[in-house]
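Asks: any chance you could fold what I've pasted below:
(2 chains)
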Amino acid sequence: MEALTKKKKKTVPTSANSFFLLQKSEVYSVEIYGTKELEKTEAGGGDEKYKDIKGKKKKKAEELKKELDLEDHKLSASELEGKYGTNINKGLSSARAAELLARDGLNSLTPPKATPEIVKFLKQMVGGFSILLWVGAVFSWISSGIQIAQGADSPFDNLYLGVVLALVVILTGIFAYYQEAKSTNIMASFSKMVPQQALVIRDGEKKELPAEQLVVGDIVEIKGGDRIPADIRLIAAQGCKVDNSSLTGESEPQPRSCEFTHDNPLETRNIAFYSTTCVEGTATGVVINTGDRTVIGRIASLASGVGNEKTPIAIEIEHFVYLVAGVAVSIGVLFFIISVSMRYKILDSIIFLIGIIVANVPEGLLATVTVSLSLTAKRMAKKNCLVKNLEAVETLGSTSIICSDKTGTLTQNRMTVAHLWFDNQIYSADTSEDQTTQPFDQSSPTWTALSKIVALCNRAEFRPGQEGIPIMKRVVVGDASETALLKFSEVLLGDVMSIRAQNKKVAEIPFNSTNKFQLSIHETDDANDKCYLLVMKGAPERILERCSTIMINGKEEPLDSEKAEAFQTAYMELGGMGERVLGFCHLYLPENEFPDTYSFDTDAMNFPTSNLCFVGLLSMIDPPRSTVPDAVSKCRSAGIKVIMVTGDHPITAKAIARSVGIISATSETVEDIAKRLNIPVERVNRREATAAVVNGMELKDMSLQELDEILCNHSEIVFARTSPQQKLIIVEGCQRQGAVVAVTGDGVNDSPALKKADIGIAMGIAGSDAAKNAADMVLLDDNFASIVTGVEEGRLIFDNLKKTIAYTLTKNIAELCPFLIYIIASIPLPIGTITILFIDLGTDIIPSVALAYEKAESDIMNRRPRNKQKDRLVNQQLAVYSYLQIGIMQSVGAFVTYFTVYAEQGFLPLTLLGVRVDWENSAINDFEDSYGQQWTKYQRTYLQWTGYTAFFVSITIQQVADLIIRKTRRNSIFQQGLFRNKVIWVGIFSQIGIALILTYGLGHVTALNFTPLRFQYWFVAVPFAVLIWVYDEVRKLLIRRYPGSWWDKNMYY
Amino acid sequence: GLILLFYLVFYGFLAALFTFTMWVMLQTLSSDIPKYRDRISSPGLMISPKPDTALEFYFNRSDTQSYAEYVSTLRKFLESYDDAKQSQNINCTPGRIFDQNDVAVKKACRFNLSELGQCSGKEDKTFGYSKGTPCVLVKMNRIIGLKPEGEPHIQCASKEEGMVEINYFPPGGLIDLMYFPYYGKSLHAHYLQPLVAVQLAIHSNSTKEEIAIECKILGSPNLKNEDERDKFLGRIAFKVQMTE
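Replies: Coordinates of the predicted model:
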């Protein structure tokens, strides 16, 4: 009973009955102690694995996890006075308070050292490819400076280029900064919780003071509705109850008095904690801790002390950036050396270097990735997953372990009648969310009697004005079990309120913890029968004690030992399913003894309360959500391990775990095996058990190795009776296995675990603000099934980002080759740096985003989560296939167009080789072409720009083919459907549209280096585009045909 | 191994494909005239000799070495205008476009070196450089099919007045229409483009000064000389500085 009320986020009201499940009453583990044990093993343990304490940061976190050594609850009032130098009646003196304030600081939580905004902004400016582009920009300015100094005739080209590069960096930096700024600060909600004013006794007078001014030893008064201004030890209380839900997750208001009731400071009644709310009553207390030294302050600093791990996608993107930057820098430096040794001027070599860098860096890609992620985030928000940290979108997809809460996440978070026992038989009731009828046999007269007791012996009522609303959704005034019973009988009997009206209540004894039953006496609706009906419900064994008969098939039969045995069996069975069992009995009071004028006195109990007639049992449970078993099996087929972490009792937890499939039907725990083989638990081979139910108390005493062993050896694990702080240990254990861990949570004290997890998922309905702040994702409907949707979206976006990157990287080769050939063969430059930027940041942007809308190629929920080490976002195959195959094909296509343009204007391909120096010499204005015509420098430059445009158009055309082939990695385009993703077509049209505008609309703006282009040049590269598509279809065909072959290994990215 | 083989085949195929498409493209071209001539609708002007650096002449009239390069460039340039080399060329009717569209073998019109007068190099082997009257040849870029209208002639001016006196050979800087149109390298092998010699008689008080000279083609409505971006379209600017 005692323990029940302390369960985390329990829906069960205190008016419940003690039942046999709770023989173990000492179950609430003290979380903060738990870690201390671990620390010991860490210090003493010889295992290297656990010694990798990383520097100071980790140490600090360990310190914070340390035991909460609070003794004040054990002290008497006078000892307190002595300890804090205060007087309970007069309070501190103002002078002393000022002294203490100076010593301890303000009573508020210190916000974590926030990185200054400017630093965050600058980080964006130099992160990723930015540094390369800055190098490019600086080189541009240097070379432009040199050119100005040398009096060259077009020194400003490089100046502009530098400005454009800088702009690109700044704009993408601002974009990224904006995205980051959206994610909110975890401390924000803690500071919101700080109370404004406090009523303090100082110098013997009551004063309103800002809560910040409180010091240790202050005497404060609180009343219903107040927020507790600091950690206080109560010295007087009248009917005081506090809501500790934000601290411990308990949803029931906890009574507070001045008695010391428990060793654990978190359990004892005489301490109220900072930032919790006083629900009712009044109290006076001594401030024992302020600011960061309060319990919540410790948790807050623990949450911010837990480092934010890099998300898997961030690691992948970093890996990709290094890869591309590596390629860019090495090719750049290589060709710098080549061009210097080919006796190019240093200045020219630098300009080549800039070109190579710009061509190699996919400028638009990081922005595209962000946009793709936020599109997925939007899609997920529609499915009730609100993503706060964009990168978390993908993290969910790579998740390999989900540590899920039970209540509300896996279950419906409301008590529902699950089973009935009457006529010596157990009946199952429908527990789905939208029940309208009940399937079990209701013909027995015993049921009629039972249903009457259920309807009458109940104080819960529907709030008026809800006639149109389905019964299950109506709001009820009353505790959880009574609500369950009311709804149950409303479904079965119809209007319960009118039944109660017809059976007027004449007397009532409400539930109390001594009686452990509830009783009421009613007039009957039968006008001829003037006798009263006494109905009673309560803890089954207590009810049975008061009965002498039992109703079987409508007839009262004496309660012999055989029938009592049957009762016991049924009670055990229902209890074994983790359900809360209630017994029901009744008695028709004889009319002669109790005439209708009889006045019942509930205090004197002037009516029989024994020798009643036992009617039946009802058991209730918070049933699983109907979507959850399916979602769990989806997780299972997706290779995700679902671990239940709950504060609930192991038996209930296990029952729910079984019913949702977290523990599958065939698997057994060590205890199950022991029971089956009838041997002691110690003798069971632990490897045989696939499932495990771990109690929080056991976990407390476990070393890290033991925990690892459990996590490793059991595929189906339930952690019961765990405190939210133990979640952190479980999460860390999972992460030691190399898993990507998703954690759900709702309380303030879940926030360290939520932060520690690779992806923290807070509950949108039940979650506290702090949990929501610490989480990366918020489940708007608190439903586990939504996580699975999120996993699916996460995996999809990972696949689609691969496609986006493959698409983007391909054309980089087509942009790079011109520079390399320009340097080596000294042909007129085929494509300009500015033009490249127009591809990277113009035509290519929308198509690469469009790939984010691509549907999955196969059932992505049937494969295992990706291996962080092996399944990279950008793997060798992807880079090689994009760079060395499709990219080269694109380059060839573009070069054909380039040579065609020059040849048709009079420069045959061979005459172009080696002309670079003369071609670019502005003093040569009679440059002869293959036909004997002579060209001025400007005429040549204009032709060169036409070449740029042609090259640009060719790349664009071939990128259309590239876009189409990237829709799938394995399936044929025809399997995927060419028109299913409409956005791809938006992308294609935008691509061509932008190219048309640049070519014909802006073709006369010299600075952009575009010129109007003859229409036929748009089609020169078309055969190559078709070739790319055909080649890729062949590739995919061979991959599908010969899985595991050389081709598959080398060509599948 | 297999990878190398694969790429060998792959790139071999691409190279073959590239060669093939280029070959197909070249088949569509005529060897006589380029398919499009829209990028050079109007000719540029150029001078000979062309100094190595920018278009700037620096020489000392009394130091043969300082202008030897200009002289030899001019001599070399004019070699193809030698009477001996022009034996195949015919005398055309001056002042008229010499249309040979119907003729298979295009004739070239004779350009007599004597028309360049003092700048022909016949009398003065130093082209006036030793006398302080340096000659610069101005020529118009060859463009296939170009038919100038009106009476095209070259006119030069120094930026500041009174520094130099400019004489033209042929007189008035005239470019005769009979040299047009040009039919291209392969059809019109012996074609010689008409030249205009500009003799700069530098005033004695202007020695040691940098004289900026701009030449333009005038008198022909279809020859542009005012293009904003192309500083050599129908015009050319150069500098001369002579010391003694």
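Asks: and the stretch 901-1050 of chain A, which residues reach chain B?
Replies: In this structure, the stretch 901-1050 of chain A approaches chain B at residues A:903-906, A:908-909, A:923-926, A:928-939, A:942-943, A:946, A:1006, A:1014, A:1023, A:1027, A:1046, A:1050, judged by Cβ under 8 Å from any Cβ of the partner chain. C-betas here are computed from N, CA, C, even on glycine.
Asks: can you pull out the low-pLDDT segments for chain B?
Replies: Residues of chain B that meet the criterion pLDDT under 70 lie in B:53.
Asks: at 80 what do you get?
Replies: Chain B contains residues with pLDDT under 80 at B:51-54, B:206, B:244.
Asks: strands of that one, start to end?
Replies: B:45-48, B:56-60, B:135-140, B:153-158, B:164-169, B:195-202, B:210-218, B:235-243 (DSSP state E).
Asks: just the residues of the stretch 901-1050 of chain A next to chain B: which are in helices?
Replies: Residues of these located in helices (DSSP state H): A:903-905, A:909, A:937-939, A:942-943, A:946, A:1023, A:1027, A:1046, A:1050.
Asks: which residues touch the residue lying closest to residue A:772 once chain neighbours are set aside?
Replies: With sequence-adjacent residues excluded and distances taken as Cβ to Cβ, 6 or more residues apart in numbering or on different chains, residue A:772 is closest to residue A:762, at 4.4 Å. Going by Cβ atoms under 8 Å, 6 or more residues apart in numbering or on different chains, residue A:762 touches A:744, A:745, A:746, A:750, A:754, A:771, A:772, A:774, A:775, A:777, A:778, A:779.
Asks: how about 6 Å then?
Replies: Contact analysis of residue A:762 by Cβ atoms under 6 Å, 6 or more residues apart in numbering or on different chains lists A:771, A:772, A:775, A:778.
Asks: among those residues, which one sits closest to chain B?
Replies: residue A:775 (46.2 Å; Cβ to the nearest Cβ).
Asks: for the closest one, give me its contacts.
Replies: Residues in contact with residue A:775 (Cβ under 6 Å, 6+ apart) are A:754, A:760, A:761, A:762.
Asks: quick revisit: mark which of the residues of the stretch 901-1050 of chain A next to chain B are buried, thanks.
Replies: Taking 16 or more other Cβ atoms under 10 Å in any protein chain shown as the criterion, what is buried in those is A:903-906, A:908-909, A:923-926, A:928-939, A:942-943, A:946, A:1027, A:1050.
Asks: coming back round to it: identify the farthest-apart pair in the contacts of residue A:775.
Replies: Based on Cβ to Cβ, the longest span within the contacts of residue A:775 runs between A:754 and A:761 and measures 7.5 Å.
Asks: what pairs with the residue positioned nearest the centre of chain B across the strands?
Replies: The residue lying closest to the centre of chain B (Cα atoms, centre = their mean) is residue B:139, at 3.4 Å. Note on residue B:139: beta-bridge partners by DSSP bridges are residue B:46, residue B:195.
Asks: pretty sure it is touching residue B:197, no?
Replies: No: using Cβ atoms under 6 Å, residue B:139 makes no contact with residue B:197, being 10.1 Å away.
Asks: check contacts around residue A:753.
Replies: For residue A:753, the contact set (Cβ under 6 Å, 6+ apart) comprises A:727, A:728, A:731, A:743, A:745.
Asks: how many other residues sit next to the first one?
Replies: Residues contacting residue A:727 under the criterion other Cβ atoms under 10 Å in any protein chain shown number 27.
Asks: what's the answer for the last one, then?
Replies: Applying other Cβ under 10 Å, we find 34 residues neighbouring residue A:745.
Asks: circling back: please identify the deepest-packed of the strands of chain B.
Replies: Across the strands of chain B, averaging neighbours per residue (mean count of other Cβ atoms under 10 Å in any protein chain shown) puts strand B:135-140 on top, at a mean of 24.
Asks: which other helices and strands contact that strand?
Replies: If contacts are counted by 3 or more Cβ pairs under 6 Å, 6 or more residues apart in numbering or on different chains; DSSP states H and E, strand B:135-140 sits against strand B:45-48, strand B:195-202.
Asks: name the nearest residue to residue A:644, sequence neighbours excluded.
Replies: Distance criterion Cβ to Cβ, 6+ apart; nearest residue to residue A:644, sequence neighbours excluded, is residue A:718 at 4.5 Å.
Asks: and the one you found, what does it touch?
Replies: So residue A:718 contacts A:644, A:653, A:654, A:657, A:693 (Cβ under 6 Å, 6+ apart).
Asks: so of the residues you listed, which ones are in strands?
Replies: A:644, A:693.
Asks: nearest to residue A:832 among the contacts of residue A:718?
Replies: Comparing the contacts of residue A:718 against residue A:832 with Cβ to Cβ places residue A:644 closest, at 60.7 Å.
Asks: residues touching the closest one, list them.
Replies: Taking Cβ under 6 Å, 6+ apart, we find residue A:644 in contact with A:404, A:406, A:657, A:662, A:718.
Asks: and those residues, which of them are buried?
Replies: A:404, A:406, A:657, A:662, A:718.
Asks: dump those into TSV; add secondary structure and pLDDT as well.
Replies: Converted to TSV, the buried ones among the contacts of residue A:644 look like this (DSSP: H, G, I helix; E, B strand; the rest coil; pLDDT from 0 to 100):
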residue	secondary structure	pLDDT
A:404	strand	88
A:406	coil	81
A:657	helix	92
A:662	coil	92
A:718	strand	93
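Asks: so which bits of the helix or strand that contains residue A:175 are buried?
Replies: Secondary structure from DSSP states H and E places residue A:175 in helix A:156-182. Going by neighbour count (16+ other Cβ under 10 Å), the buried part of helix A:156-182 is A:157-159, A:161-162, A:164-166, A:168-169, A:172-173, A:176-177, A:179.
Asks: what is it packed up against?
Replies: helix A:117-126, helix A:130-150, helix A:365-382.
Asks: walk me through the domains of chain B.
Replies: With domains defined by the TED database, chain B comprises B:1-30, B:34-242.
Asks: for the chain, which helix is longest?
Replies: Went with chain A since none was named. Assignment by DSSP H gives helix A:784-825 as the longest helix of chain A.
Asks: try again with chain B
Replies: helix B:2-27.
Asks: the closest residue to residue A:256 other than its chain neighbours: neighbour count?
Replies: Using Cβ to Cβ, 6+ apart and skipping residues adjacent in sequence, the residue nearest residue A:256 is residue A:240, 4.4 Å away. Burial of residue A:240, expressed as a neighbour count using other Cβ under 10 Å, amounts to 26.
Asks: give the helix, strand or coil label for residue A:240.
Replies: Secondary structure, DSSP: H, G, I helix; E, B strand; the rest coil: residue A:240 is strand.
Asks: likewise for residue A:707?
Replies: Following three-state DSSP, the label given to residue A:707 is helix.
Asks: that one contacts residue A:734, correct?
Replies: No: at 9.5 Å, residue A:707 does not count as touching residue A:734 under the criterion of Cβ under 6 Å.
Asks: neighbour count winner among these two?
Replies: For residue A:707 versus residue A:734, the count of surrounding residues by other Cβ under 10 Å is larger for residue A:734: 26 against 20.
Asks: can you say which helix or strand has the more buried one in it?
Replies: If you go by DSSP H and E, residue A:734 is part of helix A:724-736.
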